[in-house]
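Visitor: What follows is a protein structure lacking sequence information:
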């Protein structure tokens, strides 16, 4: 419930921040016109992400301080071996791309275009950092560090194995739905399953973060290569 409220509050705050941004930037048509754009300006995307992450942070704080969900020991302590998860993230991006390839979906690149198509210079750099580093950080802590663990460790009415499976599935479904991209749902669900399993197996968040970050970074590199070829 805290996670749901945190997500909802994040969406509301994102709208408020984007509205303020439209006022400050004197954007033609205001937030109404801004919300209809397929490729909004970088500052609108940045403000929206910040608002969402504030909501995530509130839910994470509540879970650990009021919900009695103890943080994993050394959950953010990196190890040299964590670099191997870069290969997993890059490889999984290629696997997802290959799985979608036979269907030839025209709007499959909508999320990337929404963030980067009309973004250049410093704005491009800001969004790149936010999507490849900050987004995986907040999403891993929220979806895997809180939602997955709350179900896997809190569903005491069933067996431990069943609770873990339920946690993996529910957190992956919510992870996919949160991105609000119907075509990408299956791929995001599959990624969510892999990331939750990593947290369960390693009992840390760094491996899932590195995998998630490298997954996103691979898509970003593809955008850069595509631009360089034009």
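Guide: Good, I have the coordinates. Only a predicted model underlies this, so the values are computations on that prediction, with no experimental measurement involved. Numbers count the residues shown, from 1 in each chain.
Visitor: What is the least confident helix or strand in this structure?
Guide: helix 110-116 (a mean of 82; mean pLDDT, DSSP states H and E).
Visitor: List the contacts of the helix or strand just after it.
Guide: Elements were assigned by DSSP states H and E; along the chain past helix 110-116, the next helix or strand is helix 121-129. For helix 121-129, contacts defined as CB atoms under 8 Å, 6 or more residues apart in numbering pick out 41-43, 45-46, 115-116, 119, 220. Just so you know, the C-beta spots here come from the backbone N, C-alpha and C atoms, and that holds for glycine as well.
Visitor: Okay, domains of this structure per the record?
Guide: Following automatic domain parsing, the chain resolves into domains at 1-68, 79-230.
Visitor: Can you say which of the contacts of helix 121-129 are buried?
Guide: 41-43, 45-46, 115-116, 119, 220 (16 or more other CB atoms under 10 Å).
Visitor: Can you lay out the residues you listed as a markdown table showing distance to residue 67?
Guide: A markdown table is the format used below for the buried ones among the contacts of helix 121-129 (distance: CB to CB, whole Å):
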| residue | distance to residue 67 |
| --- | --- |
| 41 | 37 |
| 42 | 35 |
| 43 | 34 |
| 45 | 31 |
| 46 | 30 |
| 115 | 32 |
| 116 | 36 |
| 119 | 37 |
| 220 | 34 |
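Visitor: what's the closest non-adjacent residue to residue 148?
Guide: residue 171 (3.9 Å; CB to CB, 6 or more residues apart in numbering).
Visitor: what's the burial count for the one you found?
Guide: 27 (other CB atoms under 10 Å).
Visitor: Good, wrapping up.
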